[in-house]
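Trainee: structure of the sequence below:
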Amino acid sequence: MSNEARGTWSGNLGLVLAATGSAIGLGNLWKFPYITWENNGGAFVLVYLGCIVLVGLPIMMAELLIGRRSQLSAVGALREAAGPAFRFVGLWGVLAGFILLSYYTVIAGWSLFYFWKALGWTVSGFDTAGSGLFGEQVANAPLQLILSLVFSAATIGVVYFGVSRGIERVAKVFLPVLFGILLLLLISALGMSGSGEALTHIFQPRFNELDGAGVLEALGHSFFTLSLGMGAMITYGSYIGRKQSIVKAGGAIVALDTIIALVATVIMFSVIFSVVGLRDEVGASAVGMLFISLPELFYTEVPFGTVLAPLFYVLVALAALTSTISLLEVVTAYLIDERKLSRHKAAVGSGVAIFVFTIFAALSFSPAGGFLASMNIWGEGKDGWFSTMDHFVSNWMLPTGGFAVAVAAGWIMTRKATFEQLVDGTEPRWFSFEAWRVCIRYIAPTAVLAIIIAVILGTDFS
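Mentor: The predicted structure follows:
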């Protein structure tokens, strides 16, 4: 297949922005603040940062180098890096991307709905009678399908135009906008009465308030937040030029992803500590905070909230879109490399196929969904197609894929092969190849194995 069909990044900036967009998703904007709250901040955040450095960053670099070394998608890259058997690990990652995108698109569609509603509230005033709005909209099957279709079409449209003219171009526009909106929200949040207490709660370690379950949660999120284990970073790595630095790119991606998660947490906590009675409501649901509590708070409590509310849901939509783009690219790149399809056919064909399963996910919230809404495989709280797929991908597919990548880079690829990809004279001073090798051979696989064992014993990371 021609290089034109595959494409390359124009430079490190394009890679960093696109890969950061992949990593930055709804997990940064709602899940990390939620689990930080659940684990009392402070010590949890410190442990999380340590896990990012020792687990997330080494696997990130491993995926990028595996992709760059072969210039192939996840299946071909792992096959060349670790042998024929590892092509199945690549296929596992492609399947994970396929399934994850099918239900993630539904959540992404919610951001479009709330953006539209926020525009109306900004013009006409907030409707305090709309507390049941979220439940009504997710149960509205036609609405869910329309929102998902719009988001799917946008995702396919970007991937259709390729790496430099599609994914990179969109990332270079959307990521700065995302950063700008987040900065405005941060400035507003820091002006609230509870911001000082929020900062103390987030950044002052209190190890007596952190238990083993919290440490495991920090470890799990440090892995899940970076789009690892599903072939996305291997695929993006395959578009890296030989003169671009994997270490600098990997470090920048991880740093930006972590900063944005922390900024989102500061924003959320500032609101929580400023509004009387809100602390008791937060633990109910991460989704509830984002789509139920926040809309009213923007119009009643947050400084300049009437302006910031629509911008916030633009932020959520942009974060979701940059993630869905990377998920579709995993499947598209596989079809280009392994099935020899043109990019246009691969993007449209895979996008349409995935949308069929998006329909299943969208209907799983509605009484019209029938079996899709009631199926129960994993037990209590995992009812419906949406929850079933989320549980399977988050708890089984991503950790096993990440563990296999760590084994491939740390134990099967030769020291020389990984050294040549990471140490080429462009690496920054802070990077130590020997430290990376210790992490990828011992610390990272042990940590991800701990996640898998925890899942087997009943922990749920979805």
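Trainee: so where's the stretch 1-150 of the chain shaky on pLDDT?
Mentor: For the stretch 1-150 of the chain, applying pLDDT under 70 flags the ranges 1-5, 128-131.
Trainee: let me fix that: the stretch 151-300 of the chain
Mentor: For the stretch 151-300 of the chain (pLDDT under 70), the answer is 280-289.
Trainee: let's see 80
Mentor: Within the stretch 151-300 of the chain, the stretches with pLDDT under 80 are 276-293.
Trainee: same thing with the stretch 301-450 of the chain?
Mentor: 368-370, 374, 376-383.
Trainee: let's see 90
Mentor: 301-304, 365-384, 424-428 (pLDDT under 90).
Trainee: can you give me the helices for it?
Mentor: For the stretch 301-450 of the chain, the helices defined by DSSP state H, counting those that start in this stretch cover 305-338, 343-363, 371-374, 384-392, 398-407, 415-422, 433-438, 444-456.
Trainee: looking at those, which is nearest to residue 240?
Mentor: helix 415-422 (9.5 Å; CB to CB). C-betas here are computed from N, CA, C, even on glycine.
Trainee: summarise which helices and strands the closest one is packed against.
Mentor: Packed against helix 415-422 by the contact rule (3 or more CB pairs under 8 Å, 6 or more residues apart in numbering; DSSP states H and E) you find helix 57-70, helix 246-274, helix 433-438.
Trainee: so which bits of that helix are buried?
Mentor: With burial defined by 16 or more other CB atoms under 10 Å, the residues of helix 415-422 counted as buried are 418, 419, 421, 422.
Trainee: these two touch, right, residue 178 and residue 321?
Mentor: No - the pair residue 178 / residue 321 is not scored as a contact, 9.8 Å apart, by CB atoms under 8 Å.
Trainee: which two among the buried residues of helix 415-422 are spaced furthest apart?
Mentor: Top of the distance list for the buried residues of helix 415-422 (CB to CB): 419 and 421, 7.4 Å.
Trainee: rewinding a little: would a markdown table of the helices of the stretch 301-450 of the chain with distance to residue 60 be doable?
Mentor: Formatted as a markdown table, the helices of the stretch 301-450 of the chain follow (distance: least, CB to CB, whole Å):
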| stretch | distance to residue 60 |
| --- | --- |
| helix 305-338 | 13 |
| helix 343-363 | 24 |
| helix 371-374 | 35 |
| helix 384-392 | 23 |
| helix 398-407 | 10 |
| helix 415-422 | 12 |
| helix 433-438 | 11 |
| helix 444-456 | 10 |
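Trainee: which residues touch the closest residue in space to residue 324 that isn't next to it in sequence?
Mentor: By the measure of CB to CB, 6 or more residues apart in numbering, the closest residue to residue 324 outside its immediate chain neighbours is residue 155, 4.4 Å from it. For residue 155, the contacting residues are 101, 105, 321, 324, 325, 328, 351, by CB atoms under 8 Å, 6 or more residues apart in numbering.
Trainee: what sits closest to residue 122 if chain neighbours are left out?
Mentor: Sequence neighbours aside, residue 306 is the residue nearest to residue 122 in space, at 4.8 Å (criterion: CB to CB, 6+ apart).
Trainee: and residue 210, by the same measure?
Mentor: Nearest one to residue 210, counting by CB to CB, 6+ apart, is residue 43 at 4.1 Å.
Trainee: quick one on the thing from earlier: between the helices and strands packed on helix 415-422, which one is nearest to residue 232?
Mentor: Per CB to CB, nearest to residue 232 of those: helix 57-70, 8.0 Å.
Trainee: show me what the helix or strand just after that closest one is packed up against.
Mentor: Using DSSP states H and E, the helix or strand that follows helix 57-70 towards the C-terminus is helix 74-82. Judged by 3+ CB pairs under 8 Å, 6+ apart, helix 74-82 is in contact with helix 57-70, helix 87-124, helix 232-237, helix 305-338, helix 398-407.
Trainee: if you set the cut-off to 6 Å instead, what comes out?
Mentor: With contacts defined as 3 or more CB pairs under 6 Å, 6 or more residues apart in numbering; DSSP states H and E, helix 74-82 has these neighbours: helix 57-70, helix 87-124, helix 232-237, helix 305-338.
Trainee: contacts for the third one, please.
Mentor: Residues from elsewhere that reach helix 232-237, judged by CB atoms under 6 Å, 6 or more residues apart in numbering: 19, 22, 63-64, 66-68, 73-74, 77, 326, 329-330, 333.
Trainee: give me the distance from it to the chain's centre.
Mentor: Taking the mean of its C-alpha atoms, helix 232-237 sits 14 Å from the chain's own mean (CA atoms, centre = their mean, to the nearest Å).
Trainee: flag every buried residue along that helix.
Mentor: Buried, per 16+ other CB under 10 Å, within helix 232-237: 232, 233, 234, 235, 236, 237.
Trainee: now do stretch 455-462
Mentor: 455, 459, 461, 462.
Trainee: got phi/psi on the second one?
Mentor: I take that to be residue 459. Main-chain dihedrals, residue 459, degrees, to the nearest 10: phi -70, psi 140.
Trainee: in space, what's closest to residue 10 - neighbours in sequence excluded?
Mentor: residue 164 (5.5 Å).
Trainee: shouldn't that neighbour be within a helix?
Mentor: Yes - Residue 164 forms part of a helix when assessed by DSSP: H, G, I helix; E, B strand; the rest coil.
Trainee: quick one: it from residue 243, how far?
Mentor: 16 Å (CB to CB, to the nearest Å).
Trainee: show me what contacts the closest residue to residue 74 other than its chain neighbours?
Mentor: Closest residue to residue 74 apart from its sequence neighbours, by CB to CB, 6+ apart: residue 231 at 3.1 Å. Applying CB under 6 Å, 6+ apart, we find residue 231 in contact with 74, 93, 94, 330.
Trainee: got a list of contacts for stretch 263-271?
Mentor: 28-29, 33, 36, 182, 185-186, 189, 192, 194-195, 198, 202, 297.
Trainee: and with 7 Å instead?
Mentor: 28-29, 32-33, 36, 182, 185-186, 189-190, 192, 194-195, 198-199, 201-202, 297, 301-302 (CB atoms under 7 Å, 6 or more residues apart in numbering).
Trainee: what distance do you get for residue 239 to residue 12?
Mentor: 12 Å.
Trainee: er, residue 245 I mean
Mentor: 6 Å.
Trainee: ok, residue 225 next?
Mentor: Distance from residue 225 to residue 12, by CB to CB: 21 Å.
Trainee: which one of these two has more residues nearby?
Mentor: Using other CB atoms under 10 Å as the criterion, residue 225 and residue 12 rank with residue 225 on top: 23 against 18.
Trainee: my guess is that one contacts residue 27. True?
Mentor: Yes - the pair formed by residue 225 and residue 27 meets the contact definition of CB atoms under 7 Å, at 5.3 Å.
Trainee: what sits against the nearest residue to residue 57 once chain neighbours are set aside?
Mentor: Distance criterion CB to CB, 6+ apart; nearest residue to residue 57, sequence neighbours excluded, is residue 254 at 4.9 Å. The neighbourhood of residue 254, defined by CB under 7 Å, 6+ apart, consists of 52, 56, 57, 60, 226.
Trainee: hang on, the earlier thing: now do the residue nearest to residue 74 against residue 208, distance only.
Mentor: In this view, residue 231 and residue 208 are 40 Å apart by CB to CB.
Trainee: fine by me, we can end here.
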